[in-house]
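Student: Return atomic coordinates for the entry below.
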Amino acid sequence: MKHTLLKSTLIALSLFALNAGAVERTYTLDPGHTQVDFRWRHMGFSTPAAAIHVTDGVLKFDPDAPTRASVSLTMPINTIDTRVPDLDKHLMSADFFDAAKYPTASFKSTKVEREGNGNRYKIYGNLTIKGVTKPVVLDATLNHAGEHPMMKVPAVGFDATTQIKRSDFGIAAFVPAVSDNIDIRITTEALATAAAAKAK
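Tutor: Okay, here's the model as predicted:
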């Protein structure tokens, strides 16, 4: 009887371990619902904004262990959109991002920490722009994790903000008339990778 009970317990523990390890999923960031916007001050008069597309992004996430999450994303510089074509061209020129020489920017997380008992987190990682990599910290809010109501698949959504100094990345043209500090805002939805592939 003891042997049977011990065997049953070991089987149950093994199944629990397998299930626990299977909770983490890999998600693909949905380009249609992912936006990276950045703003700066122009000569003290205005605060222009630009968007840059995310064409490749991966999130690994376990709802029961969110601090083990990781995220990486790639942004082609030639997708910068200010709604002013001449400004787009100038930002992609050697004065700023030099898109011909450095065609992409990227971010890769290194650590996630929870803030308090809610849904706010610090996402630490490395941002690469114009061939220069610097550590940044994103202030992130987990909006929701669960089944997508339309796609009927696992999904995750979050918002994040941070501020960087563009001169740290070798983009110092016209400072301080055009502000060195750049405010960045990110919002995204991500679908479980297998499901995201089917949705395309």
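
Student: use CA for all of it now, contacts and neighbours both
Tutor: Will do.

Student: which regions of the chain sit below the pLDDT cut-off?
Tutor: 1-23, 194-200 (pLDDT under 70).

Student: Now do the helices in this structure.
Tutor: Listed in chain order, the helices of the chain (DSSP state H) span 2-21, 85-92, 193-199.

Student: Give the buried residues for the strand ranked longest in the chain.
Tutor: Ranked by residue count under DSSP state E, the longest strand found in the chain is strand 132-147. Of the residues in strand 132-147, those with enough neighbours to count as buried (16 or more other Cα atoms under 10 Å) are 133, 136-141, 145.

Student: now, the most widely separated pair of those residues?
Tutor: Using Cα to Cα, the buried residues of strand 132-147 span at most 30.3 Å, a distance reached by Thr133 and Ala145.

Student: shouldn't Gln163 be in contact with Asp183?
Tutor: Yes. Checked against Cα atoms under 8 Å, the pair Gln163 and Asp183 is within contact range at 4.6 Å.

Student: Ala145: what's it in contact with?
Tutor: 63, 154-157 (Cα atoms under 8 Å, 6 or more residues apart in numbering).

Student: Now with 10 Å, please.
Tutor: Contacts for Ala145 (Cα atoms under 10 Å, 6 or more residues apart in numbering) come out as 61-63, 154-158, 189-190.

Student: again, but for Gln163
Tutor: Gln163 sits next to 38-39, 136-139, 181-185 when contact means Cα under 10 Å, 6+ apart.

Student: How about Thr162?
Tutor: Neighbouring residues of Thr162 by Cα under 10 Å, 6+ apart: 38, 136-140, 182-186.

Student: Of those residues, which is the nearest to Pro31?
Tutor: Taking those together and measuring to Pro31 by Cα to Cα, the closest member is Ile186, at 11.9 Å.

Student: Let me see the contact set for that closest one.
Tutor: 34-38, 51, 138, 140, 158-162.

Student: try 7 Å
Tutor: 35-37, 159-161 (Cα atoms under 7 Å, 6 or more residues apart in numbering).

Student: Spell out the residue ranges of the strands in the chain.
Tutor: With DSSP E, the ranges of strands along the chain come out as 25-29, 35-39, 49-52, 56-61, 70-76, 104-115, 120-129, 132-147, 154-165, 181-192.

Student: quick one: which of the contacts of Ile186 is nearest to Met75?
Tutor: For the contacts of Ile186, the minimum distance to Met75 (Cα to Cα) is 8.9 Å, reached by Val36.

Student: Next one: the residue nearest to that closest one when sequence neighbours are not counted from Ala100, what distance?
Tutor: Nearest residue to Val36, sequence neighbours excluded (Cα to Cα, 6 or more residues apart in numbering): Ile186, at 4.6 Å. Here the criterion is Cα to Cα, to the nearest Å. By it, Ile186 lies 25 Å from Ala100.
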